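Peer 1: my questions concern the predicted model and sequence given below.
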Amino acid sequence: MSEPGRPPHMTPDEFRRYGHAVVDWVADYWSTVADQRVVPDVRPGDIAAMLPAGPPDRGEEFGTVLADLDRVVAPGVTHWQHPGYFGYFPANTSGPSVLGELACAGLGVQGMLWATGPACTEVEIVMLDWLADLLGLPDRFRSTGTGGGVIQDSASSATLVATLGAVHRASGGAWRAAGVDRRYTVYTSTHGHSSIEKAARIAGLGGNAVRIVEVDDETQAMRPDRLRAAIKSDRAAGAVPAMVVATIGTTSTTAVDPVPEIAGIAREDGLWLHIDAAYAGAAAVCPELRWTHAGVEYADSYCFDPHKWLLTGFDCDAFWVADRAELVDALTVLPEFLRNAATESGAVVDYRDWQVPLGRRFRALKLWFVLRWYGVEGLRAHIRSGVALAQELAGWLRADDRFEIVAPHPFSLVCFRLRAGDAATEELHRRLTASGSVYVTHTRVRGAYVLRLAIGSPLTERRHVAAAWALIRESVPD
Ligand SMILES: *Cc1c(COP(=O)(O)O)cnc(C)c1O
């Protein structure tokens, strides 16, 4: 007999039964996603219109909820795990990642402090050390050195946290109490990510604080001479240059900024160097691609997204700092209700001081599951297959003189256009999207409309890239 008024909680046995049904649903999805249109055929409002105006008064049968996944949700899904999905950057997931996420959800731990989740904190510390090893990152980023790693929800949050650290440093710590007292400036290239401007706005520096440094026409990477000149002229005008964000693998074309030169300038001028390797960082698991990471040993902070190309479901950004004490000093606030013996002892990491929110979930579990399921060799195989397929596609593009490749492509993104011009390239793009079997996105390089084809879905095989290429050739407008 249940207590009067007791809510209808799902019992462990019910959870077991329905949980198995949901796992089956996901497994069926993965087995059949290749047969779907990559991008759904819906108009704005179509999906919302299928939902009732409010929640049910009485709880419903779980079976009807599950059925609505097929009826309501499935028609409106953009299939990021589809083998023909080549848009933006990949947002990989994988079986072990989903199961790690499930374990995390089941534990329902809130790991704001070491004391509120010792395993949540310590597994994360060790996973970030493992990842630092895997990518060949410098020793000082490890928990055994002066720094350490933390999982942020996204690269955007990592940029924000780095910005706060940089302003804290540039103000000599005064920022913490007094706020933004001077005109601080932040530098990135024309192709630096939009999250850098967002971070500057949130940090109170204002969007104008972000100085856009010109790129080299050929490589689309930041020009160090222009960086030096911009810092000099801003300083002369009374600003305080605080941070430079170098990108390894820009979102537009995966250009790699010349980090060693940029680091030299940052050091001379006392700027915080943050490296945004959101997508391309994953490539460093392969020793033969580590050349793309030259100079990371000089960074004050570095981030990459395992949720892009390293088989770990969104959200999972890995962020490291070289000096954890400085970061904690910038962000810590200790109200009475969070005081505890472990924190007072100074012997533990409280990750609440490494991020914007207070609360955090046990995201390290999915990383742990992924790293153990694939192993170093498995992860390298994933990256290598993406890179090899992209290089093969680039070869096909080069052999067809209707096409031109517009930027270097060391990773698994190829940017190309039709020599016939923007109108033809846009029409080709429209036809590819309409086909439903392939999805690519676009950017502008040197002002021209360019298609971006990013390989990286775990389901993508050589035959899918070959089919995409066949479709691209057939879809060229006359
Ligand atoms: C994707 C991307 C980001 C933003 O990633 P989120 O994790 O979604 O915030 C930032 N920088 C670069 C270079 C990116 O490619």
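Peer 2: It's in.
Peer 1: residues in contact with the residue nearest to residue 420 when sequence neighbours are not counted?
Peer 2: Spatially, and ignoring its direct neighbours in sequence, residue 420 is nearest to residue 402 (7.1 Å; C-beta to C-beta, 6 or more residues apart in numbering). To be clear about C-beta, it is placed using only N, CA and C from the backbone, and glycine gets the same treatment. With contacts defined as C-beta atoms under 8 Å, 6 or more residues apart in numbering, the neighbours of residue 402 are 418-420, 476.
Peer 1: can you pick the most crowded of the residues you listed?
Peer 2: residue 418 (22 neighbours; other C-beta atoms under 10 Å).
Peer 1: looks like that residue contacts residue 405 (just checking).
Peer 2: No. Contact criterion C-beta atoms under 8 Å: residue 418 and residue 405 do not qualify, at 11.7 Å.
Peer 1: returning to what we had before: now the residue nearest to residue 420: how far from the ligand?
Peer 2: According to C-beta to the nearest ligand atom, to the nearest Å, residue 402 stands 29 Å off from the ligand.
Peer 1: among the contacts of residue 402, which are in strands?
Peer 2: Judged by DSSP state E, the subset of the contacts of residue 402 located in strands is residue 418.
Peer 1: widest-spaced pair of the contacts of residue 402?
Peer 2: Longest distance between any two of those is 10.5 Å, between 419 and 476; criterion C-beta to C-beta.
Peer 1: could you verify that residue 9 is part of a helix?
Peer 2: No. When classified by DSSP: H, G, I helix; E, B strand; the rest coil, residue 9 is found to be coil rather than part of a helix.
Peer 1: quick one: pLDDT of it?
Peer 2: In the predicted model, residue 9 carries a pLDDT score of 95.
Peer 1: for residue 5, same thing?
Peer 2: At residue 5 the predicted local confidence, pLDDT, stands at 86.
Peer 1: sorry, back to before: can the contacts of residue 402 go into JSON lines with extra columns for distance to the ligand?
Peer 2: Below are the contacts of residue 402 laid out as JSON lines (distance: C-beta to the nearest ligand atom, whole Å):
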{"residue": "418", "distance to the ligand": "25"}
{"residue": "419", "distance to the ligand": "27"}
{"residue": "420", "distance to the ligand": "29"}
{"residue": "476", "distance to the ligand": "28"}
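Peer 1: make TSV from the contacts of residue 402 and add pLDDT to it.
Peer 2: As requested, the contacts of residue 402 are arranged in TSV below (pLDDT from 0 to 100):
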residue	pLDDT
418	98
419	98
420	97
476	97
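Peer 1: the ligand contacts on the stretch 201-350 of the chain?
Peer 2: Contact residues (C-beta under 6 Å from any ligand atom) of the stretch 201-350 of the chain with the ligand: 247, 250-251, 276, 278-279, 305, 317.
Peer 1: which one (most neighbours) among those residues?
Peer 2: The residue in those with the most neighbours, by other C-beta under 10 Å, is residue 276 (30 neighbours).
Peer 1: report the contact partners of it.
Peer 2: Neighbour list for residue 276: 155, 158-159, 192-193, 196, 245-248, 303 [criterion: C-beta under 8 Å, 6+ apart].
Peer 1: between these, which sits nearest residue 214?
Peer 2: Lowest distance from residue 214 to the contacts of residue 276 (C-beta to C-beta) belongs to residue 192, with 11.6 Å.
Peer 1: so that closest one touches residue 215, yeah?
Peer 2: No. Taking contact to mean C-beta under 8 Å, the distance of 9.7 Å between residue 192 and residue 215 leaves them out of contact.
Peer 1: look at those two and report which has more neighbours.
Peer 2: Neighbour totals were compared for residue 192 and residue 215, and residue 192 leads with 26 against 23 (other C-beta under 10 Å).
Peer 1: tell me which element the more buried one falls in.
Peer 2: Secondary-structure element containing residue 192, defined by DSSP states H and E: none, the residue being outside all helices and strands.
Peer 1: pLDDT score assigned to it?
Peer 2: The per-residue confidence score, pLDDT, reads 96 for residue 192.
Peer 1: do the same with the one 3 residues further on
Peer 2: At residue 195, the model reports a pLDDT of 97.
Peer 1: confirm it sits in a helix?
Peer 2: Yes. Checked against three-state DSSP, residue 195 lies within a helix.
Peer 1: that one - how many residues pack around it?
Peer 2: Other residues close to residue 195 by other C-beta under 10 Å number 21.
Peer 1: what about the helices in the stretch 101-250 of the chain?
Peer 2: In the stretch 101-250 of the chain, the segments counted as helices under DSSP state H, counting those that start in this stretch are 118-135, 155-170, 175-178, 194-202, 224-236.
Peer 1: most tightly surrounded among these?
Peer 2: The highest average neighbour count among the helices of the stretch 101-250 of the chain, using mean count of other C-beta atoms under 10 Å, belongs to helix 155-170 at a mean of 25.
Peer 1: related to what we said a few turns ago, so which of the contacts of residue 402 is the closest to residue 354?
Peer 2: Within the contacts of residue 402, proximity to residue 354 (C-beta to C-beta) peaks at residue 418, which comes in at 46.6 Å.
Peer 1: for residue 326, see how far away the closest one is.
Peer 2: For residue 418, the distance to residue 326 (C-beta to C-beta, to the nearest Å) stands at 50 Å.
Peer 1: so what's whichever residue of the stretch 1-150 of the chain sits closest to the ligand up against?
Peer 2: The stretch 1-150 of the chain approaches the ligand most closely through residue 89 (5.7 Å), counting by C-beta to the nearest ligand atom. Contacts for residue 89 (C-beta under 8 Å, 6+ apart) come out as 251, 278-279, 308-309, 413, 454, 456.
Peer 1: excluding chain neighbours, what is closest to it?
Peer 2: Spatial nearest neighbour of residue 89, excluding adjacent residues (C-beta to C-beta, 6+ apart): residue 279 at 4.5 Å.
Peer 1: which pLDDT value does the model give the residue lying closest to residue 468 once chain neighbours are set aside?
Peer 2: The shortest distance from residue 468 to any residue that is not its chain neighbour, by C-beta to C-beta, 6+ apart, is 4.8 Å, and that residue is residue 438. What the model reports for residue 438 is a pLDDT of 97.
Peer 1: for residue 438, give its distance to residue 282.
Peer 2: For residue 438, the distance to residue 282 under the criterion C-beta to C-beta works out to 23 Å.
Peer 1: and if you look at residue 177?
Peer 2: 39 Å.
Peer 1: would you confirm that the residue nearest to residue 89 contacts residue 309?
Peer 2: Yes. Under the criterion of C-beta under 8 Å, residue 279 lies in contact with residue 309, with a separation of 6.0 Å.
Peer 1: report how many residues lie close to the nearest residue to residue 82 once chain neighbours are set aside.
Peer 2: Counting by C-beta to C-beta, 6+ apart, the nearest residue to residue 82 once its immediate chain neighbours are dropped is residue 38, at 4.8 Å. Other residues near residue 38 come to 24 when the count uses other C-beta under 10 Å.
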